[in-house]
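*Asks:* Got a predicted structure here, sequence first:
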Amino acid sequence: MFLKRLLSTAHSFSTTAVANFPKLKSHSGAKKRWRAIANGKFKRAHAGHAHLNVTKRPGRKNHLGETAYSSSTQTSVLKKLLPYGN
């Protein structure tokens, strides 16, 4: 009974998985900082918005709270760093 159940749950490996080898690794630093969006670009948050805000002007704090988007040069680099992000 146990052997029959073990054989029925065994995975069959396909030959198409060999074509995707080797897997590409994503860059850990870019993975933590950037997110891909639908138009192919990437977005990130500004640094310096979390603390020590007493000495910062209100306009500067507002700007740091906004989302930053990648330029065309950054996008081409990020597509290599995050191959599965787009």
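*Replies:* Ah, there it is. These figures come from a predicted structure and were not determined experimentally.
*Asks:* got the contact list for the most centrally placed residue in the chain?
*Replies:* Closest to where the C-alpha atoms of the chain average out (C-alpha atoms, centre = their mean) is K31, at 4.0 Å. Neighbour list for K31: L82, G85 [criterion: C-beta atoms under 8 Å, 6 or more residues apart in numbering]. (Each C-beta comes from the backbone N, C-alpha and C, glycine too.)
*Asks:* ranges for the helices of this structure?
*Replies:* Counting by DSSP state H, the segments of the chain that form helices are 2-8, 28-33, 58-65, 72-81.
*Asks:* rewinding a little: which pLDDT value belongs to the residue nearest to the centre of the chain?
*Replies:* With respect to pLDDT, K31 scores 96.
*Asks:* hang on, the earlier thing: most packed of the helices of the chain?
*Replies:* Across the helices of the chain, the average number of neighbours (mean count of other C-beta atoms under 10 Å) peaks for helix 72-81, which reaches a mean of 14.
*Asks:* That helix packs against which elements?
*Replies:* Applying 3 or more C-beta pairs under 8 Å, 6 or more residues apart in numbering; DSSP states H and E, one finds that helix 72-81 contacts strand 42-45.
*Asks:* Which residues in the strand it packs on does the neighbour count mark as buried?
*Replies:* Judged by neighbour count using 16 or more other C-beta atoms under 10 Å, the buried positions of strand 42-45 are F42, R44.
*Asks:* what's near enough to touch H27?
*Replies:* Residues in contact with H27 (C-beta under 8 Å, 6+ apart) are L81, L82.
*Asks:* ok, it to A50 distance?
*Replies:* Per C-beta to C-beta, to the nearest Å, H27 is found 23 Å from A50.
*Asks:* Quick one, grab the pLDDT at F21.
*Replies:* The model reports F21 with a pLDDT of 77.
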